[in-house]
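>>> Can you look at this prediction? I've put the sequence above it.
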Amino acid sequence: MQQPKRPARNSHDFLGLGPVPDAAAAKRGEPLFTQNCAACHGQNARGGQGPNLLRSVVVLHDEKGEEIGQVIHDGRPQGGMPPFPNLSEAERYDIAEFLHEQVELAANRGLYKHSDTMTTGDAVKGEKFFAAHCSSCHSVTADLAKVGTRYPQPTTMLAHIAWPAGSEPRQAIVTAPDGKKIAGTLVHYDDFETTLKADDGTRSTWPTDTIQVEIPDKLGGHRSLLPKYTDDDLHNLTRYLLTLK
Amino acid sequence: MKRPFILHLALFCSAAVALSGCLPSLAAQGLDSKALTLFHPPADAWPTYNGDYSGRRFSDLKQVDQKNVDQLKVKWKYKITGLAPLRGIGNPVIKSTPLMVNGVLYLTIPDHIFAVDAKTGVEKWRFDFQDEGGHLLGQRGVGMYGRWIYFLTPDGWFLSLDAETGKERWRKKVADEKLQYFTTMAAVIVKNHVLIGVGGDAMDVRGYLEARDPETGELQWRWWSEPQKMGDPGSETWPNQQAMDHGGGMTWLPGTYDPELNLIYWGTGNTNPVFAGQGRKGANLYTDSIVALNPDTGKMVWYFQASPHDTHDWDNVETPILFDKTIDGKPRKLLAQAGRCGYFFVLDRKTGKNLVSKPFTKTANWAKGLDERGQPIPDPGKEPSVDGSMVDIASNGATNWPPPSYSPLTGLFYVNATEGYSVAYLYDTSSEPQGYGGGSSGHFDPASSLIALDVRDGSVRWKHVAKGQGGEGGGMSGGILTTAGDLLFTGDSDRLAAFDPANGKIVWSEKLGGHISNGPSTWMLDGKQYVIAGAGDTMYALTLDGN
């Protein structure tokens, strides 16, 4: 029987990426790589005159420099790679960890980050679009005042423009079997069973087919825009709202 | 099929039975290869992942029907216990469709097989494998040939075990987990070929499908998802050898097989690098495709590409379902698939010629139209970008691996779909990106639906949009089973539900301990029809009286 241990939910473990690279060694290895290897294998190790090392079977099989370190030490004379006898075992380990770190950055998508800056979008066009399509419900001096400080990250802003709702339970008015109308939060709602937490805190559960559930659609405007937006519209709007600080 | 050992045992026991009570168990008799059929599996077995070779997941059984389905009750449940949380995953989730052969159910999760008495839910044996790496995302089940079962592990081992005892016979390494391959598939047995595919798209490796010998595990053939070298047919859809060698196209779900045409049909997964397509300009054959191969040679006979130059992670591995139907007065051998890219396809399965290509959720705005083969033409403007490109396909695709179903009684194809909008982002803007290089986010205007598609034209005959969303607990789940009892079984919120396949009305449901996490299946044992489904770490078996 395996020993119980705490579940590890980080993306490295989830993806089964093997040993975690030694970050300190990788940092030490970077200048060594630049000095000794980058001329042939590229600054990012993705290949040049020499092969791409992130896709190298030797690198991917290596755990702590035991395989790639040997290649660094001995070189590959037939392949045109010179030996590096002056690099110590510790330095070869550091270079190996630098390579493992590069693999990790490509393979572990949990480490990916959105860009903090935009490459497109026109705030003036965004303002015009806002005036034409958004201003009947929203105001940049009221509900959206300084919205750019609330969502300074462009992708977060775009998501809030497109669909400003999360997965949290919605507000609803339920008409109970006895005809009584109760307002509250749909803490559970499916095809079979509905549980409403009323505004006074009481909870009631009914078979869904015995009640009427009205969910006020606050997102109707957003829903009708979704099929109409061009990507430029979204980028222009994002640019514009980011300026509201 | 060679079974000298079994024959020996049977002869010995028939002489000794009166004295010692020695009887070979039913499981020791193994699986009769006649049980593996295109359309009509025996009532008392579910001998392969999809039940039969067609992938229809339609059962001729009708003891349970619309009139009596309200008497369907849980007879037994089997909960997986005694395991530490799975690495990077946590609690086990049953994604496998259990085989049921000779009264024994074989169900799996990554690294583990459980043989369970199909009548009682009592564990007969279990097999615990200690992996040395790999992604524990899922395990779809075992394959069976004679008295042997076949199992794939997260770190690329292909095992054969004795179905009677769970004892390992041999193991072969079929995929390298250090290159980020992992194996989750339920092996498909076609004649004397054990067909196995691979998964893994973290680091730009190339997909392949293998046939191995059922007795020795030795390789018979390997088909690669990309052409082997520049100049080969299909290589014109890649810029260079390097891109082709790292182009992805995993083969991670069981395919289907037509014995008469002697063709297997397989879906291939997303292209690599996944979201960053700038280093692999072209259609990138044969990723994101349906391919028809000769099972004896592994040679490709035709292909149809669902998502040319995919940059949205739209694995096209969803079951290519085989069915026969008269269209315009002519009997046709057809194949249908609802793809993750949001298109529903119907093809002639002999030639690959396209009959229907139609979006089944919203408009599939990533495509500009169809080419002369009926394949969608991707809009370069909808490729992932640094500032985001919005598509009217949900973030993880319009559908995914949970098995769909086709009923010959209604002529409808049923699929659980996710509808909505998402945004595709590019992170790696270099000329030679690697890995995913981007991602998809956003769940705008989401809906979870069970959709019935007319195979003649791809029109939506009916659609059930599940009430409730996100934190409210509603939504469709798991795969689909249709039966001759005019029932469609699938998961809806935390229940197993039965729908009327003709109109989408819910006719029955039973609350289980969680969302259905596999494809429901059905079989008869001792005159009783069982309907089984997995929800999280527990298998549930239901019968009419629950006894």
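Nice, thanks for sending it over.
>>> Report whether the helix or strand of chain A with the lowest mean pLDDT contacts chain B.
The helix or strand of chain A with the poorest confidence is helix A:11-15; it has a mean of 92 (mean pLDDT, DSSP states H and E). Yes - part of helix A:11-15 sits near chain B under the criterion C-beta under 8 Å from any C-beta of the partner chain, namely A:Ser11, A:His12, A:Asp13, A:Phe14, A:Leu15. (C-beta placed from N, C-alpha, C; glycine too.)
>>> Check residue 215 and give its pLDDT.
This is for chain A. Per-residue confidence (pLDDT) for A:Ile215: 95.
>>> wrong one, I was asking about chain B
97.
>>> mind listing what the spatially closest residue to B:Pro110 that is not a sequence neighbour touches?
In space, and not counting its chain neighbours, B:Pro110 is closest to B:Leu136: 4.2 Å by C-beta to C-beta, 6 or more residues apart in numbering or on different chains. Neighbouring residues of B:Leu136 by C-beta atoms under 8 Å, 6 or more residues apart in numbering or on different chains: A:Gly16, B:Leu86, B:Arg87, B:Gly88, B:Ile89, B:Pro110, B:Asp111, B:Pro154.
>>> In chain B, what residue lies closest to chain A?
B:Gly470 (2.7 Å; C-beta to the nearest C-beta).
>>> For that residue, which non-adjacent residue is spatially closest?
The nearest residue in space to B:Gly470 (C-beta to C-beta, 6+ apart) is A:Ser167, at 2.7 Å.
>>> List the contacts of the one you found.
A:Ser167 neighbours (C-beta under 8 Å, 6+ apart): B:His443, B:Gln469, B:Gly470, B:Gly471.
>>> what's the answer for B:Asp176, then?
B:Gly156.
>>> Residue ranges of each domain in chain A, please.
A:13-111, A:123-165+A:223-242, A:171-214 (automatic domain parsing).
>>> possible to save these as TSV with mean neighbour count and distance to B:Phe158?
Compiled in TSV, those are given as follows (neighbours: other C-beta atoms under 10 Å in any protein chain shown; distance: least, C-beta to C-beta, whole Å):
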stretch	mean neighbour count	distance to B:Phe158
domain A:13-111	18	18
domain A:123-165+A:223-242	17	42
domain A:171-214	15	41
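>>> The residue nearest to B:Gly470: which element?
Following DSSP states H and E, there is no helix or strand that holds A:Ser167.
>>> Can you check the pLDDT for it?
With respect to pLDDT, A:Ser167 has a value of 87.
>>> Not counting its own residues, what contacts the least confident helix or strand of chain A?
Contacts for helix A:11-15 (C-beta under 8 Å, 6+ apart): A:20, A:104, A:107-111, B:87-89, B:135, B:180, B:202.
>>> partners of the host helix or strand of B:Ile290, with directions?
Assessed by DSSP H and E, B:Ile290 sits inside strand B:289-293. The pairing partners recorded for strand B:289-293 under DSSP bridges are strand B:263-267 (antiparallel), strand B:300-305 (antiparallel).
>>> Show residues contacting it.
Residues contacting strand B:289-293 (C-beta under 8 Å, 6+ apart): B:209, B:223, B:249, B:263-268, B:299-306, B:316, B:320, B:335, B:337, B:345, B:347, B:349, B:352.
>>> what mean pLDDT does that strand have?
Per-residue scores along strand B:289-293 average to 98.
>>> List only buried entries from the contacts of strand B:289-293.
Buried subset of these (neighbour count, 16 or more other C-beta atoms under 10 Å in any protein chain shown): B:209, B:223, B:249, B:263-268, B:300-306, B:316, B:320, B:335, B:337, B:345, B:347, B:349, B:352.
>>> Can you tell me which of the residues of helix A:11-15 next to chain B lies closest to A:Leu237?
A:Ser11 (31.0 Å; C-beta to C-beta).
>>> how close does the closest one get to B:Met203?
The gap separating A:Ser11 from B:Met203 is 14 Å, by C-beta to C-beta, to the nearest Å.
>>> who's more crowded, those two?
Counted by other C-beta atoms under 10 Å in any protein chain shown, A:Ser11 and B:Met203 do not tie: B:Met203 has more neighbours, with 25 against 14.
>>> who's in contact with the more buried one?
A:Leu54, A:Arg55, A:Leu60, A:Val103, A:Ala106, A:Ala107, B:Leu179, B:Gln180, B:Gln434, B:Gly435.
>>> Next up, the contacts around B:Thr418.
B:Thr361, B:Ala394, B:Asn396, B:Gly397, B:Ala398, B:Thr399, B:Asn400, B:Pro446, B:Ala447, B:Ser448, B:Ser449.
>>> is it in a bridge, and if so with what?
Assigned bridge partners for B:Thr418, using DSSP bridges, are B:Ser448.
>>> Kindly provide the distance from the residue lying closest to A:Cys37 once chain neighbours are set aside to A:Cys40.
Excluding the flanking residues, the one nearest A:Cys37 by C-beta to C-beta, 6+ apart is A:Ile95, at 6.9 Å. Using C-beta to C-beta, one gets 13 Å for the distance from A:Ile95 to A:Cys40.
>>> that older thread, for the following helix or strand past the least confident helix or strand of chain A, the distance to its chain's centre please.
Going down the chain from helix A:11-15, the next helix or strand is helix A:23-36, by DSSP H and E. Relative to its chain's centre, helix A:23-36 lies at 27 Å (C-alpha atoms, centre = their mean, to the nearest Å).
>>> and for helix A:23-36, what are the contacting residues?
With C-beta under 8 Å, 6+ apart, helix A:23-36 has contacts from A:43, A:45, A:84, A:87, A:91, A:93-101.
>>> For A:Thr202, give its distance to chain B.
18 Å (C-beta to the nearest C-beta, to the nearest Å).
>>> Tell me where chain A has strands.
Applying DSSP state E to chain A gives strands spanning A:171-175, A:181-189, A:193-198, A:203-207, A:212-214.
>>> so does stretch B:384-395 get close to chain A?
Yes - with C-beta under 8 Å from any C-beta as the measure, stretch B:384-395 is seen reaching chain A through B:Ser385, B:Val386, B:Asp387, B:Gly388, B:Ser389, B:Met390, B:Asp392.
>>> And that stretch, end to end?
One end of stretch B:384-395 sits 12 Å from the other (C-alpha to C-alpha, to the nearest Å).
>>> The most centrally placed residue in chain B - nearest residue in space that isn't next to it in sequence?
With distances taken as C-alpha atoms, centre = their mean, chain B has B:Leu253 as the residue nearest its mean C-alpha position (4.3 Å). Excluding its sequence neighbours, the residue lying closest to B:Leu253 (C-beta to C-beta, 6+ apart) is B:Val317, at 4.2 Å.
>>> can you tell me the helix or strand for that neighbour?
Per DSSP H and E, there is no helix or strand for B:Val317.
>>> can I assume it is in contact with B:Trp252?
Yes - the pair B:Val317 / B:Trp252 is scored as a contact, 5.7 Å apart, by C-beta atoms under 8 Å.
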